[in-house]
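Build me a structure from this.
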Amino acid sequence: MNTAQKRVDLNDDASTYVLKRAILVYANGRELDNAYATSHPVTQSEAGPVIGAGTPISKAQVKATFAGLLPRRELALLPANVLGVTQDATVWWTPARKAPLHINLTAGLTKGRGFKSIGTKGSHMVAYPPLLHCAGRGSFAVFALKDDTRPTAASELFHAPFLNLYGNGGLCTGTARIPDPTDPQVQAKCEAMLFDSWSTHPNFDQVKQTLHPGGILALLDELATDNPEVFPTASLAPMGATLGEFFAANSSH
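A predicted model of the protein is given here:
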């Protein structure tokens with residue numbers, strides 16, 4: 001096929017797209033943090049398309065050029081608990097609450113531990129702290145908060161009291177498919193993955209995940225057995241970052 005033209009079917013409307021311009025990106029090293037781009041006209045010849053001389057373009061022009069490639073999103077009211085939205089991520093928080101803990105520990109984790117409630121496969125309603133959720137493209141992370149109010153940039157992030165979490169807050173989803181972060185139902189779908197799936201094992205150091213002296217498994221057993229109305233936030237282990245720092249680290253450049 002001639003690369004200067006491509007026939008595309010969009011909503012049953014067959015259209016022919018013709019190569020008109022090319023954008024070349026120049027970078028100093030492997031990363032694109034320090035880069036610039038040039039825009040070039042494309043002419044057609046018998047041998048194929050020919051890229052002409054280019055002119056520098058700004059980041060704003062690059063964004064405008066590629067805006068047509070991004071999925072269109074209808075204007076919609078955002079729920080009050082949403083903290084930030086981009087084309088690649090949705091971040092929201094949920095207040096402290098009671099929710100299900102479905103636990104089925106991997107063989108060997110219960111041996112000699114003397115658990116009262118989580119030693120066998122079962123479901124429990126337990127108290128959870130306020131949570132910060134971040135759904136990205138192909139990833140979902142969750143963190144705990146101490147204050148049961150809408151977080152600010154200065155709010156400190158803590159490790160969430162869930163199994164199957166990595167040290168960076170990312171959830172091991174197994175075969176579950178993470179929804180598109182721009183999906184209007186992204187909150188409900190991600191929270192369902194968190195609360196409706198079986199917890200089987202810790203994914204990193206049990207002691208580092210919580211300040212509870214017995215580690216995360218002992219904490220969950222205590223929550224399932226004693227059934228407190230409020231989560232003991234004194235057991236939360238800090239992530240070492242605030243919400244503002246998390247936003248800065250995950251913002252697009």
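
model confidence over stretch 178-192, on average?
Across stretch 178-192, the average pLDDT comes to 91.

right, I mislabeled it, should have said stretch 219-235
97.

Tell me which residues of that stretch come out buried.
219-224, 231-233, 235 (16 or more other CB atoms under 10 Å). Placement of C-beta: from N, CA and C, glycine included.

List the contacts of it.
Applying CB atoms under 8 Å, 6 or more residues apart in numbering, the external contacts of stretch 219-235 come out as 96, 98, 101, 103, 115-119, 124-129, 144, 146, 161, 163, 199, 210-212, 214.

Tell me the buried residues within those residues.
96, 98, 101, 103, 115, 117-119, 124, 126-129, 144, 146, 161, 163, 199, 210-212, 214.

For the residue lying closest to Leu236 once chain neighbours are set aside, what is the enclosing helix or strand?
In space, Leu236 comes closest to Phe158 once its chain neighbours are excluded; the distance is 3.9 Å by CB to CB, 6 or more residues apart in numbering. Secondary structure from DSSP states H and E places Phe158 in strand 156-159.

OK, contacts around Pro130?
Contacts of Pro130 by CB under 8 Å, 6+ apart are 93-96, 144-149, 151.

contacting residues around Cys103?
Actually, residue 103 is Ile rather than Cys. Contacts of Ile103 (CB under 8 Å, 6+ apart): 118, 121-124, 163, 198-200, 220, 224.

any idea how far it is from Asp221?
Per CB to CB, to the nearest Å, Ile103 is found 9 Å from Asp221.

ok, now Pro161?
For Pro161, the distance to Asp221 - CB to CB - is 12 Å.

Burial check on Val82, number of neighbours?
Residues within reach of Val82, counting by other CB atoms under 10 Å, total 15.

how about the nearest residue to it, chain neighbours excluded?
Val82's closest residue in space is Trp92 (CB to CB, 6+ apart), at 4.7 Å.

dump the residue contacts of that neighbour.
Contacts of Trp92 (CB under 8 Å, 6+ apart): 79, 81-83, 132-133, 187.

can you put those in TSV and add secondary structure?
Shown next, in TSV, are the contacts of Trp92 (DSSP: H, G, I helix; E, B strand; the rest coil):
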residue	secondary structure
Pro79	coil
Asn81	coil
Val82	strand
Leu83	strand
Leu132	strand
His133	strand
Gln187	helix
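
Tell me which two in these are the farthest apart.
Pro79 and Leu132 (14.5 Å; CB to CB).

Could you check which of these two has the larger neighbour count?
Leu132 (23 against 9).

Sheet partners, orientation included, of the helix or strand harbouring Val126?
In this structure, Val126 sits in strand 122-128 according to DSSP H and E. With DSSP bridges as the test, strand 122-128 is paired with strand 97-103 (antiparallel).

pretty sure Leu105 is in contact with His201, am I right?
Yes: with contacts counted by CB atoms under 8 Å, Leu105 reaches His201, the gap being 6.8 Å.

Between those two, which has more neighbouring residues?
Just comparing Leu105 and His201: by other CB under 10 Å the higher neighbour count belongs to Leu105, 22 against 15.

For the more buried one, which residues are in contact?
Contacts of Leu105 (CB under 8 Å, 6+ apart): 118-119, 199-201, 217.

Where helices are concerned, which of the residues you listed count?
Leu217 (DSSP state H).
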